[in-house]
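**Q** Structure, please.
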Amino acid sequence: MSYVQRLTVPVTTDGDGDATAYSDPIAYGLLSQIRYVKTDFTDGVDFTITSEATGETLWAELNVNADATRAPRQATHSTAGAASLYAVGGAAVNDRIALASDRIKIVVAAGGALKSGTFHFVLV
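**A** Presented below is the predicted three-dimensional model:
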């Protein structure tokens, strides 16, 4: 049986404009999308969102000014470690990122003193 899970993480910066926050624990899921909803973070806010367990980057972007939705994907590989490519053009084959027994770590920089925003993570 398949289901969709949404994790919502509100984040508020400290007096220096920085913050670190974590999602609730994830038993298992494939990351489908990340939605950032701006409340009042300063324009030009920086995000680094990673898997807490592995440190794998899920979204890293500088100078974000408005609400944004991202659908992060990772490159796939053969069992020999070679990059999987699509057809003759050689375009990379990407797939959703699996998270298991993990939390999502959100690091915010340059967000402005005591400002906030919310992150929505959709897992399938």
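
**Q** Let me see the ranges of the strands in this protein.
**A** 5-12, 19-22, 26-38, 45-51, 57-64, 68-70, 74-75, 85-86, 91-92, 94-95, 97-102, 104-109, 116-123 (DSSP state E).

**Q** and the helix or strand of the chain with the lowest mean pLDDT, what other elements does it pack with?
**A** Within the chain, confidence by mean pLDDT, DSSP states H and E is lowest for strand 85-86 among all helices and strands, at a mean of 88. Counting contacts by 3 or more Cβ pairs under 8 Å, 6 or more residues apart in numbering; DSSP states H and E, strand 85-86 is packed against strand 91-92. (Glycine included, C-beta is placed from N, CA and C.)

**Q** change it to 7 Å
**A** Judged by 3 or more Cβ pairs under 7 Å, 6 or more residues apart in numbering; DSSP states H and E, strand 85-86 is in contact with no other helix or strand.

**Q** Parallel or antiparallel, which strands does that strand pair with?
**A** strand 91-92 (antiparallel) (DSSP bridges).

**Q** For D40, which non-adjacent residue is spatially closest?
**A** K115 (4.9 Å; Cβ to Cβ, 6 or more residues apart in numbering).

**Q** Tally up the residues packed near that neighbour, please.
**A** Look at K115: counted by other Cβ atoms under 10 Å, it has 19 neighbours.

**Q** Contact partners for it?
**A** T13, D40, F41, T42 (Cβ atoms under 7 Å, 6 or more residues apart in numbering).

**Q** what number of residues lie near the second one?
**A** D40 is surrounded by 12 other residues when neighbours are defined as other Cβ under 10 Å.

**Q** Please look at it and S116 and confirm they touch.
**A** Yes. Here D40 reaches S116: they are 6.2 Å apart, a contact under Cβ atoms under 7 Å.

**Q** Return the set of residues that bridge with the closest residue to I97 other than its chain neighbours.
**A** Nearest non-adjacent residue to I97, counting by Cβ to Cβ, 6+ apart: L31, 4.6 Å away. Taking DSSP bridges as the rule, L31 bridges to I97, L123.

**Q** can I assume L31 is in contact with L123?
**A** Yes. Between L31 and L123 there is a contact under Cβ under 7 Å: 5.8 Å.
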